[in-house]
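S.K.: Structure, please.
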Amino acid sequence: MQLPLQITFRDIPPSDAVEARVRQMAEKLDRMHERIMGCRVIIEAPHQHHHKGKHYHVRVELTVPDGEVVASREAHDRRSHEDAYVAIRDAFNAAQRQLQDYARRRRGAVKYHETPPHGRVLELYPEMDYGKIRTPDGRDVYFHRNSVLDGEFGALEVGAAVRFSEEMGDQGPQASTVRPVGKHRPAP
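M.R.: Take a look at the predicted model:
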């Protein structure tokens, strides 16, 4: 880290053991991602419940090149957070996950699930075993009876919503697999 680690205790007395654990966890994060510029950790016990004991709240704030990564673990009556070390572990684990997400976004490794091509049946020629699909961008895609899944060619109607896999055929784009969008599936 470029800036020194900051540890703040609120509503609890400072503890060398707790501070050592925080430093150990911060070093682990720093080894994981070398571009962390600074780390601030706030440990507090905001509420004292007479019947439930102290619940610790830990907040980890990391300064990175494009902004901040903030992980916070609220007690919310979790008995495990009556132990400061467990609350620290949970907060640093959350910070580690967020830092991993941040690193993936920085390298462009975030997965985007592409929606399969979809459209509506524009024309049907049952006697010649083919039809055409009109895509939302206005293209027409040819399909053959054999490309309709589950033998549902006979059940298709003009205007029916379909999803399909597209490939280039001899005469232009064609659908190699056509799947009707049923009542239980959303229409495109």
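S.K.: what's near enough to touch the closest residue to E44 other than its chain neighbours?
M.R.: Spatial nearest neighbour of E44, excluding adjacent residues (CB to CB, 6 or more residues apart in numbering): R10 at 3.7 Å. No exception for glycine: its C-beta is placed from N, CA and C like everyone else's. By CB atoms under 8 Å, 6 or more residues apart in numbering, the contact list for R10 reads I42, I43, E44, A45, P46.
S.K.: Distance of P65 relative to D83?
M.R.: 34 Å (CB to CB, to the nearest Å).
S.K.: between those two, who's got more neighbours?
M.R.: D83 (14 against 9; other CB atoms under 10 Å).
S.K.: Tell me the confidence at the residue lying farthest from the centre of the chain?
M.R.: Distance from the C-alpha centroid of the chain, by CA atoms, centre = their mean, peaks at E127 (47.2 Å). E127 is assigned a predicted lDDT (pLDDT) of 91.
S.K.: measure it to P180 for me?
M.R.: 20 Å.
S.K.: again, but for R59
M.R.: 51 Å.
S.K.: same question, E82
M.R.: Relative to P180, E82 is positioned 56 Å away (CB to CB).
S.K.: All set now, cheers.
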